[in-house]
Each structure stands twice: as structure tokens, then as C-alpha cells.
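>>> show me the folded form of this:
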Amino acid sequence: MPYSIEQLGNWRMRLGNAGHFASLGILISCFLSLFLLHAELVQAKIVVSPQSVHVTVTTEQTDEIERTISFFDDGGAAFNWTASWDQGWMNLDPTSGSATAGSSNSTTLTILPEGLPEGTYNGNVIISAGSDNETVSVTLDIQALPPAPAPGSVVVSPGELQFYVTQEQLANPEPITVQVKGTNSTGEITDFYWVASKSNQWIILNGNADSIAESNYGSGSFTVGVDINQLLDNQNIYGGNVTIYDGNVTVTATVSTDPDTIPTTSIGIPVRVYVNALRYAAEKSLVTTDWLDLIMNVPVMEDISGALYVLAEHPSLAPGQVFAYRWDSVNGTRFDLFSQWGHPVAGAEDLFYAADIQNTPIAIPFSSDEDTGDPVIPYDPTDVSGTDQTPNIKAFIPITFGGGLRLIGMEGDWIIRAIVGDRNDITNWQSWRELLYYVLHIRPVTGTWVVTEEFEGKSYTYIDDTGTIYPMILHEERGDLSGGVWISPVGRTPLTVTYANSTDQICDTLAIQGHRLDVSSCVQPGGYEVYFVEPSIWGNVEYLYNITVLDATGGGYLEGTWQYRFAGEANWSRPEDFSAVRQEVVIPLDPSCNCYLVNGTVNGYAAGFIVDTGASMVLLSSDDASYMGVDLTDVNQCPFTGIGSGVGGDISVTYCYVDIEIEERLSINNLLVGFSDDWSGPGLLGVPFLEQFHVSTNAEDGTMIIAP
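Down below sits the predicted model:
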């Protein structure tokens, strides 16, 4: 572990003068030297990925090639870094930076091949952090273009295929015809065999999704189409922009019966599909102490008509209920029940945001309750978005959602939709069009947090010399913050956790003074306060931690300030900074594989894993063994071999002892794992590792949480 704690007495005492008399300060300083908690932040080695870059281009290449080089401190410490390079055909941006504790940084390597002759070029990128220098080798291979096809070759045309569809589209786009032709020095060949196959199920050959195309009679043709239903089924959340799907059709042909003269030829035809979402979509992560004041832009097309409804639902808070959002000058923000379990309530047709989407107010009030004459968007064709990203959109309707609503007690996903339809036929859902899809992920402070704090210019982390972590455990559920504790070497200290600025006040009226705004009457807009008392040889000591920043996404991060005072004193000590990272590993469900992917290390070497709670073993590829420092022939490291069983059948396995860590948080040393020649790709993280931790799944968003 990168930090250590020497426990010589009271485990937490980190007290300073706090403005008291010098004699008391001397007493405290002496006590600190002998008895107080002492820890030192030790910068560990910088880990750089990748360790080498290899790029191959042709002599005709003029475009720049970019690669990302990432690096982090394997102990989670903060560090400053610089980057340099030694060849004129390379460039880096940025060339320096600072990484906060627990985070990584990156720089972009740009390779400039234009004008370089054929050959192999070598260079180096050096990442420096303190006294640590890590080198990334860079190899650029420039090759001459291959010669023109020899006599007796196969030609396909066109050489690449592109399709353009929208998510609102109901019919497949028109297929494209591909011609296959064989030629030699004397002309066209008519007696050769060819077959066309596809790489993805959404590609259609000759109108059939389950067949190949082939011919025994020489030159011919086949059609390539797209099954948009399969593409849109795989479209998870509307991206707002173009989503690109890439596939390939391969034509394999034998143009001669003599393989020594004309070998079998395979030609790949790239297939690219641009799926455009006319609707706007986004997602945003917030925390429960935030105020909601969201600006959403609803796209409007020329051919759309009807009433505009803004609908909101919070499945975990109000399952089955959908609310219509509006605003009026009498009630302000309004959420009226629109439907229950898919059935509109009486009068739902009148809960529109605007009666006519082509005549929507652009300023509050937005509701039908207001008098006529409100300003509206002048919907003349203005070519607002004339790019390929948003075709057919002539303007956007700005909608202010929330109006400063406090999110306490609303953890979970809040889903917002803007839809347009005929208010006189409100139950005809198939006629409705969704123009906006917005998901707000509202996160609680819940977590097991490993705290690092500043005190008199030094950093201290609550991890002792044995690697034991003493975390702060917080729990939040629907506005209830009770149950928090801080684990210490002597027990569990109960915490009193409250919401900062519980009055929900942001600012009083701002006063204008000259060229400045007087904001002295403003209250900190949010956060959490953690208060607890611990005994010391001088009596009880009060501690107050103010959490001002909470990033609950991914691994989780929070920061703020902490203070102390002796019980009975009126004044707190000078605030010192602190930060914390979540000890749990939070893994989102990857929609591309419907699985959980996590980054980690094996014996300190970077490795990816698929988390499988049903797998009876941890399985790695034998091809990666040497990279991970494992000698499969060493009986001390790999004591025996055996057979592993799974869904795919039995495989031969060599069992070895390794150290595994995931996301720089959870680790097990000397874990018995299997290496197999029959396994490739990410490692399989199964029960032998997972049974050492608590594994749960969030029913709201499908995320997996692995906690100590």
C-alpha cells in the first residue's frame, strides 16, 4: 500500500495550535512528536500504458495518426509530470500536467508520416514524474503500395458500402448491388467460383439475413442490405448524434483450378451504417444535495405537428407513474400525474407543455394557463443545424426543467422525455414521436470511503503498515443519513451526518456595489456535514468534516475540509483539506456484451477481466503468462495441471499462484488461478476472487458493486 500509519497512542490525534497560546502549542507539538498518528505519503512508481506504439502506413499516407498514452501512480498518489519525444515526425499534446490523488492523466501522441520515404522509423516518448522516467517506444513502418492486381485476379465493385438510416425509420434502406468480376491477361474469366460472407448479423445478403451469396459461373453480382431492426434494438440510449456501425463483407474466389498459378483470393468490402437520432438525448450525473436547474433543447422538424408534452418518471421512487412537467405563474414548477401503469389519467390530454409545438413560447411561463400573446419562437427556416449530425432539424425549443428543485431523497434515475402527438388521440401511442430523452442519474453519498487528509502541510491516509484500511462508511437512503461510522483500530465511531445548507437557501438579493456584486449573503449551496466525537488524553475532541464535492460516478470521489476543537470550546481549528476515494469497485453493465468488464493487474501487469459470479475459477490466457511474470513450467509457481469445465466444454489448465488487483482498490495475493491455451481475451474473474468480497447488483441501473 502507498501509505502507512505508525500507531503510538491515540490513533486519530492530529491537533495543531488552532490559535491557542504558545505554551499550549509547544505541549501539543511535543505530544505529536511522541504519540500522535503519523503517516507519510510515498510516491510509488508511475505506470504507463501502452508501453509501446507500432503504426504501419503506406508511402501515400498524409493524414496524421493519433494515439493516447495514459499513466497513473500505482499507489494512487498525486504527481506532476512532463512528456518529451526525440523524433521530428512525432509530437505530444499536452506536454505537462498534474494528476490528483487516485486519478490518471494522458497525452496525445501525434505521428506525422507525410513526406517520409519507405522504411522503419524508431523513436521514444519519455514520461517523467519526479525521479521516475518511463519510456514508450514508438515504431513507424512505412510501406510502399502493393503492385496492381496480377492477371487472373478478382475485382469487386463498389469497394466500400455506406448506408444512412434514422432511428425513426420503419423500413430498411435500399440495398446496394456489388459486382464480382474475374479477369486475366486475355480478358474476362467466366469459369470460376466465388462466395460472399458477412461479419455481422445486421448485414443482409441477397435479401436474406441468414444466407451467403455464391456463384459457380464466374462474374456475377449480389446485393448488400441492412436490417435496421437489429441495429435499433442494439441502440441503448439515444445518442443525439450519429452512431456508426462497422461491418464487413468478404468475397472469396478461386479463379483457376491450378492453385500454384492463381491462389484463392479474399477481398474485404467495408460496410458502414450511420444511424442518426433526430431526437436530442443526453444523460447527467448529480448528487442528492444538488439543485436541479436543467436546460434541455428539444429539436423541431418541419414535418412535425401536435401538442408538446414533457413527461418525467422516477421508477425507483414512484414506480409505474409518469408526471407531466409544466410551469405557470401561480404555482411555479408543476408535476401533475399524467399516467399510471401506462394508462393516462382523466384530463391528461390537457397537461401539455405547449398546445402547438410549432408555436411554443420561448420564455416562462410555458403553460396553457397563461394568457395569449406570449412570445414564441419565430419558426422560419433558419438552417439552425445544417450538418450531417442533425439533418432536418430547423430549430430547438429551450426548456428549463426543475426550477431549483432540491434533490434530497431522490437518488435513482430520473427519466425525462419530450414527446409530441395528437392531444385528441392521446392513447394512440404509435402516433407519438419522442423528440428528447434525458436521464438524470442522482447519486447518494453512500459508500465505504478511504480518507486522505492534510495536516500542517503533510498528507495522511487511514491505512496502517499492514495494509489495513480504516474507512469512513456513509449511508444515505431517501433523505436518511443515519448509520454512518468510522472504523478505527479501537472500534467503530458513530457519525452524525447532515445535509449542508438544510434551509435550501442559495443567495439573498445581490447588492450591486460599483462594478462588483456583493454576494456576502450567499450560503454554500450544498454538500454534507459529518460530525463525531472521539476521546483523547485531554478530553473529548470534536471533529467536523464538510463534504463540498461528491463525484459518485465510476469509482467515486469526494473532497472538502475538516476541523477539530476540544469539547466545550467555541472556535474550530483552521480548516484543512481532505479527500476520499470509494473503496468499493462499481462496475457498469457493458451493453456491448451484456457483461461486466473491469480493469486490473496480475502480478502488477495491466490486465482486463470479465466478472463472472458463476465461474468456478479465475481463468487467464497462457499467451499472457510470460507478460505477467509467470513461468508455466516452474512447479513452485505453477504446482499442477488439470481440466477446467464450463459452458464451452472441458479445457486443459495449468494452475499458478498470482497476485490480482482490480481498479487499484481490491486485491488478493497468492491466488490460485488457471492458465489455458484454449482461453483468449480478457481474464475470467470468478468465484475464488469474488468470494473474498461482498458482491451485489443495483436493480435500478444494473451496476455491480464489489465491496470489502
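>>> would you quantify the distance from Leu292 to Leu440?
7 Å (CB to CB, to the nearest Å). Backbone N, C-alpha and C define where each C-beta goes, glycine included.
>>> what about those two, which has more around it?
Counted by other CB atoms under 10 Å, Leu292 and Leu440 do not tie: Leu440 has more neighbours, with 23 against 18.
>>> where does that one land on pLDDT?
At Leu440, the pLDDT value in this model is 88.
>>> before we move on, what about Ser316?
82.
>>> about what we covered before: what is in contact with Leu292 and Leu440 at once?
Leu286 (CB atoms under 8 Å, 6 or more residues apart in numbering).
>>> what is the burial count for Cys537?
Just so we're on the same page, residue 537 is Ile rather than Cys. Neighbour count for Ile537, taken as other CB under 10 Å: 9.
>>> I meant to write Asp63 there.
Using other CB under 10 Å, Asp63 has 10 neighbouring residues.
>>> can you tell me how far it is from Ala282?
31 Å.
>>> what pLDDT does Gly207 get?
At Gly207, the pLDDT recorded in the model is 81.
>>> same deal with Cys522?
The score at Cys522 is 57. That number is its pLDDT.
>>> what packs against the helix or strand that contains Thr243?
Assigned by DSSP states H and E, Thr243 belongs to strand 242-254. Under the contact criterion of 3 or more CB pairs under 8 Å, 6 or more residues apart in numbering; DSSP states H and E, strand 242-254 touches strand 153-157, strand 176-184, strand 193-198, strand 203-205, strand 265-276.
>>> which parts of it count as buried, going by neighbours?
Val242, Thr243, Tyr245, Gly247, Asn248, Val249, Val251, Thr252, Ala253, Thr254 (16 or more other CB atoms under 10 Å).
>>> just give me the least confident of those.
Among these, Val242 has the weakest pLDDT, 62.
>>> you'd agree Pro688 is in a strand?
No: the assignment for Pro688, made by DSSP: H, G, I helix; E, B strand; the rest coil, is helix rather than a strand.
>>> neighbours around it, how many?
17.
>>> show me what contacts the nearest residue to it once chain neighbours are set aside?
For Pro688, ignoring the flanking residues on the chain, the nearest one in space by CB to CB, 6 or more residues apart in numbering is Val618 at 5.4 Å. Applying CB under 8 Å, 6+ apart to Val618 gives the contacts Ile660, Leu671, Val673, Gly674, Gly683, Leu684, Leu685, Gly686, Pro688, Phe689.
>>> same thing with Phe323?
Leu311, Ala312, Glu313, Phe335, Asp336, Leu337, Phe338.
>>> one more time with 6 Å, if that's ok
Residues in contact with Phe323, defined by CB atoms under 6 Å, 6 or more residues apart in numbering, are Ala312, Phe335, Leu337, Phe338.
>>> can you tell me which of the residues you listed end up in strands?
Cross-referencing the contacts of Phe323 against strands under DSSP state E gives Ala312, Phe335, Leu337, Phe338.
>>> identify the farthest-apart pair in those residues.
Ala312 and Leu337 (11.0 Å; CB to CB).
>>> re earlier: out of the contacts of Val618, which one sits closest to Leu92?
Distance to Leu92 across those (CB to CB) is lowest for Gly683, with 31.6 Å.
>>> so what's the residue count around that closest one?
Gly683 has 25 neighbours, counted by other CB under 10 Å.
>>> distance check, Phe455 against Asp678.
Distance from Phe455 to Asp678, by CB to CB: 54 Å.
>>> pLDDT wise, what is Ile660 at?
For Ile660, the pLDDT comes out at 94.
>>> following the helix or strand where it lies, which helix or strand shows up next?
According to DSSP H and E, Ile660 maps onto strand 649-662. The first helix or strand that comes after strand 649-662 along the chain, using DSSP H and E, is strand 666-676.
>>> mind giving me the packing neighbours of that next one?
strand 619-621, strand 649-662 (3 or more CB pairs under 6 Å, 6 or more residues apart in numbering; DSSP states H and E).
>>> closest to Ala580 out of the contacts of Phe323?
Ala312 (32.3 Å).
>>> wait, that closest one sits on Ile416?
Yes: counting by CB atoms under 6 Å, Ala312 does reach Ile416; the two are 5.0 Å apart.
>>> list the buried residues in stretch 442-458.
Buried residues in stretch 442-458 (16+ other CB under 10 Å): 442-455.
>>> pull the CA atoms of that stretch into CSV?
Only the C-alpha atoms of stretch 442-458 are listed here, as CSV (Å, rounded to 0.1, in the frame of the first residue of the first chain):
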residue,chain,number,x,y,z
ILE,A,442,-29.0,11.1,-9.0
ARG,A,443,-26.3,9.5,-6.7
PRO,A,444,-26.2,9.3,-2.9
VAL,A,445,-23.2,9.7,-0.7
THR,A,446,-23.4,6.0,0.2
GLY,A,447,-20.1,4.3,0.2
THR,A,448,-17.0,3.0,2.0
TRP,A,449,-14.6,5.9,1.7
VAL,A,450,-10.8,5.8,2.2
VAL,A,451,-9.9,9.2,3.5
THR,A,452,-6.7,11.2,2.9
GLU,A,453,-6.4,14.5,4.8
GLU,A,454,-3.9,17.3,5.0
PHE,A,455,-2.5,18.4,8.4
GLU,A,456,0.2,21.0,8.8
GLY,A,457,1.5,20.6,5.2
LYS,A,458,1.5,16.7,5.2
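>>> residues touching it, excluding its own?
Residues external to stretch 442-458 that are found in contact with it (CB under 6 Å, 6+ apart): 14, 16, 286-288, 407, 410-412, 459-462, 469, 471-476, 528, 550, 552, 556, 562, 576-584.
>>> need the buried ones from those selected in PyMOL.
In PyMOL, a selection of the buried entries from these looks like this (16+ other CB under 10 Å):
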select buried, resi 14+16+286+287+288+407+410+411+412+459+460+461+462+469+471+472+473+474+475+476+528+550+552+556+562+576+578+579+580+581+582+583+584
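>>> looking at the contacts of stretch 442-458, which are in strands?
Per DSSP E, those map to strands at 286-287, 412, 459-461, 472-474, 528, 550, 562, 576-582.
>>> what about Gln637, which SS state?
coil.
>>> pLDDT weak spots in the stretch 451-600 of the chain?
The model of the stretch 451-600 of the chain has pLDDT under 70 over residues 502-525, 552-555.
>>> for the stretch 301-450 of the chain, that is, sorry about that
Applying pLDDT under 70 to the stretch 301-450 of the chain picks out residues 302-303, 328-329, 331, 361-394.
>>> shaky segments in the stretch 51-200 of the chain?
Scanning the stretch 51-200 of the chain for pLDDT under 70 picks out 145-152, 166-170, 184-191.
>>> mind redoing it with 90?
Within the stretch 51-200 of the chain, the segments meeting pLDDT under 90 span 51-68, 70-81, 97-105, 113-119, 129-134, 141-160, 162-174, 179-200.
>>> the stretch 601-708 of the chain too?
604, 606, 613-616, 642-651, 663-667, 678-681, 691-708.
>>> one step back: closest one to Leu116 among the helices and strands packed on strand 242-254?
Once the helices and strands packed on strand 242-254 are compared by CB to CB, strand 265-276 is nearest, at 26.2 Å.
>>> could I get the full set of strands for the stretch 451-600 of the chain?
Along the stretch 451-600 of the chain, the segments classed as strands by DSSP state E, counting those that start in this stretch run 458-461, 472-474, 485-488, 491-494, 496-499, 511-513, 516-518, 528-534, 541-551, 557-566, 576-582, 585-587, 589-590, 595-602.
>>> domain ranges for the protein?
Here the domain assignment for the chain is 3-41, 47-143, 153-276, 298-306+316-404+419-433, 447-511+518-583, 586-707, based on automatic domain parsing.
>>> turn the helices and strands packed on strand 666-676 into JSON lines, including mean neighbour count and distance to Ser157.
What follows is those, written out as JSON lines (neighbours: other CB atoms under 10 Å; distance: least, CB to CB, whole Å):
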{"stretch": "strand 619-621", "mean neighbour count": "23", "distance to Ser157": "40"}
{"stretch": "strand 649-662", "mean neighbour count": "18", "distance to Ser157": "43"}
